[in-house]
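In: Quick one, fold the following:
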Amino acid sequence: MTTLHWFKAALLAAFLAVSSLALAANDPQQAVEQAVLLDINSADAATIAAALDGIGLAKAQEIVAYREMFGKFQSVEELAEVKCIGAATIEKNRDRIVIVKN
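Out: Numbering: from 1, shown residues only. Next comes the predicted model:
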């Protein structure tokens, strides 16, 4: 391989590396995974669904409906009272959820 071929190969490799990093940065799921914490007492259904693992829009809407009906959550464990939210889902997301009571 000539020097020119090596140079072209190096440029191509650098371009592919930068392109894959740019695609990863634009991935909404990756952005959500980088989110620090979610206040379950103020987030809307779309935000909850995007931020929590195993929670789709329907379950997120149930969380919001429960909160509107019974008031703010007092603990993360109280999420188990919401239809279709089990202990395993709570444990998967425990480190992402905060309870702001004010």
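
In: going forward, measure contacts and count neighbours with C-alpha atoms only.
Out: Noted.

In: Name the SS class of A60, please.
Out: For A60, the secondary structure call by DSSP: H, G, I helix; E, B strand; the rest coil comes out as helix.

In: Could you check how far the residue lying closest to it once chain neighbours are set aside is from G71?
Out: Counting by CA to CA, 6 or more residues apart in numbering, the nearest residue to A60 once its immediate chain neighbours are dropped is A45, at 4.8 Å. Distance, A45 to G71, using CA to CA, to the nearest Å: 15 Å.

In: So the residue nearest to A60 is in contact with Y66, correct?
Out: No. Using CA atoms under 8 Å, A45 makes no contact with Y66, being 11.5 Å away.

In: The two: which is more packed in?
Out: Neighbours were counted for A45 and for Y66 using other CA atoms under 10 Å; A45 has more, 21 against 17.

In: if we look at stretch 61-75, which residues are touching it?
Out: The set of residues external to stretch 61-75 that reach it, using CA atoms under 8 Å, 6 or more residues apart in numbering, is I40, N41, D44, A45, L79, V82, K83, I99, K101.

In: what about I40, how many residues close to it?
Out: 25.

In: who are the neighbours in contact with it?
Out: I48, F73, I97, V98, I99, V100.

In: Looking at those residues, which is nearest A60?
Out: I48 (5.7 Å; CA to CA).

In: Which pLDDT value belongs to the nearest residue to D44 once chain neighbours are set aside?
Out: Nearest non-adjacent residue to D44, counting by CA to CA, 6+ apart: V64, 6.8 Å away. pLDDT for V64: 97.

In: Buried residues, the helix or strand harbouring V64. List them.
Out: Using DSSP states H and E, V64 falls within helix 57-70. For helix 57-70, burial by neighbour count (16 or more other CA atoms under 10 Å) applies to K59, A60, Q61, E62, I63, V64, Y66, R67.

In: Can you pull the poorly scored residue ranges out of the protein?
Out: Residue ranges of the chain with pLDDT under 70: 1-36.
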